[in-house]
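J.: Sequence plus the predicted model coming up.
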Amino acid sequence: MNKPVENIIKRDWREWQTYQAITPKIIFGFFITFVLLSWSAHNTEMDRAAVETGQAVLSAVGIGNSDVLDGVSKFGSQAFPIQFSTRTELTRLEDVDLENLPWLSYVEDGVSREYDVDTDTWTQSKTEYLVDPIGYLKKVLKMMWETIEMGFWGTAISIVISLPLGILAARNFSPHPIIYQVARGWLSFHRAMPELIVALFLVLIYGFGPIAGVLALAIHTSGVLGKFFADEIENAPKGPQMALSSAGANPLKVLRYAVFPHVLPAWIAYIQYIFERNIRTATVLGIVGAGGIGMELKGRWDLFDYDHVATILLIIFITVVLLEASTQKLRNKTL
């Protein structure tokens, strides 16, 4: 037994193996990782983004020119001041009572320009306009409210779909392993379909409008919410469940008295999160014609009305901030 110890003691110090923090294997690993990241960055144009962003920063301090900075400057110069008012020719309005104009509205003289395709000329004529100083703001607020309603109904329908699926997808309460697998697969299928893609199909089915947006939100988020519900049921403490089962309670009573009281606060937090998320997502779905403020945003962007775009973005930002504050207050009261 002492022989190996003696051999170690008698070994020359030049034969000792010291710890090497950097080995050829580690260097090779770093090299392969660097090559893969460089290849991926080039595919996603991260290298071009870095170069053009650097040029924009240098251009901002007076060194060289940058298309990125020019684009930002062009948008900024046209976006401000933001647009709150509407200006409509009186000749295009029907049943206008000049004695009882809308609140804050007034009539002003102006010049109307029309393009003649046959002669390729512009003609000008004097006309009267009805100006509403907050007309466009009222329109944006109305569409933002429609967007909030889309988020609400998308969340409500999502709860109706995900609640039974979430219970069936909980391993400890699913009546059969096949039902468990089907429920889990169904929820995964809903999660795998992005709202924007679902909205494209639903616009083909239901046409333009909020119906497609509400259903697209409900389908996708039911998969997310159902998984959250199922995971919380599976992770609920087993002690109270075993106690009720030992006393003769059936699975429904165990769910009612041992599981739901424990998971309900987490479920409320998930629903609030999904509601916030649905409102933010609903602002984007309008781009494909699925209703909400996104439709107005897409139209104004295509017309290069950046002052109107800035108004829409401001209202979206204020809405998200207010929504976050209100849901946080509600969460503090309920949890």
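T.: That came in fine, so what should we check first?
J.: Can you get me a residue count around Val203?
T.: Burial of Val203 is recorded as 20 neighbouring residues (other C-beta atoms under 10 Å). For every residue, glycine as well, the C-beta is placed using N, CA and C.
J.: wait, isn't it in contact with Gly291?
T.: No: judged on C-beta atoms under 8 Å, Val203 makes no contact with Gly291 at a distance of 9.3 Å.
J.: list the residues that contact both of the two?
T.: Ala212 (C-beta atoms under 8 Å, 6 or more residues apart in numbering).
J.: can you map out the strands along the protein?
T.: Ranges of strands in the chain, per DSSP state E, are 86-89, 106-116, 121-132.
J.: Centroid-nearest residue for the chain?
T.: With distances taken as C-alpha atoms, centre = their mean, Thr281 lies nearest the centre of the chain, 4.0 Å away.
J.: Quick one: the helices in this protein, in order.
T.: Counting by DSSP state H, the chain has these helices, from start to end: 3-10, 24-43, 46-60, 67-79, 135-168, 177-192, 195-206, 210-234, 238-246, 251-254, 260-285, 293-302, 306-334.
J.: Now tabulate these in a markdown table and tack on distance to Gly110 and mean pLDDT.
T.: Converted to a markdown table, the helices of the chain look like this (distance: least, C-beta to C-beta, whole Å; pLDDT from 0 to 100):
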| stretch | distance to Gly110 | mean pLDDT |
| --- | --- | --- |
| helix 3-10 | 100 | 55 |
| helix 24-43 | 53 | 93 |
| helix 46-60 | 39 | 90 |
| helix 67-79 | 21 | 86 |
| helix 135-168 | 16 | 92 |
| helix 177-192 | 53 | 93 |
| helix 195-206 | 38 | 90 |
| helix 210-234 | 35 | 93 |
| helix 238-246 | 74 | 88 |
| helix 251-254 | 71 | 88 |
| helix 260-285 | 33 | 88 |
| helix 293-302 | 22 | 87 |
| helix 306-334 | 18 | 84 |
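J.: Out of these, indicate the one that is most buried.
T.: helix 210-234 (a mean of 24; mean count of other C-beta atoms under 10 Å).
J.: quick one: that helix to helix 195-206, angle?
T.: Here the directions of helix 210-234 and helix 195-206 differ by 130 degrees (axes from the mean of the first three to the mean of the last three C-alpha atoms, to 10 degrees).
J.: same for helix 210-234, what does it pack against?
T.: Judged by 3 or more C-beta pairs under 8 Å, 6 or more residues apart in numbering; DSSP states H and E, helix 210-234 is in contact with helix 135-168, helix 177-192, helix 195-206, helix 260-285.
J.: Summarise which helices and strands the last one is packed against.
T.: In this structure, helix 260-285 makes packing contacts with helix 135-168, helix 195-206, helix 210-234, helix 293-302, helix 306-334, judged by 3+ C-beta pairs under 8 Å, 6+ apart.
J.: and the third one with helix 135-168, angle?
T.: Helix 210-234 and helix 135-168 are oriented at 40 degrees to each other (the same axes, to 10 degrees).
J.: Same question for the fourth one.
T.: On the basis of the same axes, to 10 degrees, helix 293-302 is oriented at 130 degrees to helix 135-168.
J.: please renumber so the chain begins at 303
T.: Done: numbering now begins at 303, and the last item shifts to helix 595-604.
J.: Nearest residue to Val526 in space, please, no chain neighbours.
T.: Arg493 (5.7 Å; C-beta to C-beta, 6 or more residues apart in numbering).
J.: quick one on the thing from earlier: now do the same contact list for the residue nearest to the centre of the chain.
T.: Applying C-beta under 8 Å, 6+ apart, the residues near Thr583 are 453, 497, 519.
J.: Could you pull up the residues touching the residue lying closest to Leu439 once chain neighbours are set aside?
T.: Of all residues beyond its chain neighbours, the one nearest Leu439 is Phe386 (4.4 Å), with distances taken as C-beta to C-beta, 6+ apart. By C-beta under 8 Å, 6+ apart, the contact set of Phe386 is 435-439, 613.
J.: Would you convert these into JSON lines that also reports distance to Val374?
T.: Listed next are those as JSON lines, based on distance: C-beta to C-beta, whole Å:
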{"residue": "Pro435", "distance to Val374": "29"}
{"residue": "Ile436", "distance to Val374": "29"}
{"residue": "Gly437", "distance to Val374": "29"}
{"residue": "Tyr438", "distance to Val374": "24"}
{"residue": "Leu439", "distance to Val374": "25"}
{"residue": "Thr613", "distance to Val374": "19"}
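J.: Closest one to Thr335 out of those, please.
T.: Thr335 has its nearest neighbour among the contacts of Phe386 in Thr613, at 46.4 Å by C-beta to C-beta.
J.: Distance-wise, check that closest one relative to Ser414.
T.: Note on Thr613: its distance to Ser414, by C-beta to C-beta, to the nearest Å, is 24 Å.
J.: do the same with Leu465
T.: According to C-beta to C-beta, Leu465 and Ser414 sit 58 Å apart.
J.: do Lys529 as well
T.: Distance, Lys529 to Ser414, using C-beta to C-beta: 58 Å.
J.: go on, Thr449?
T.: Distance of Thr449 to Ser414, computed by C-beta to C-beta: 34 Å.
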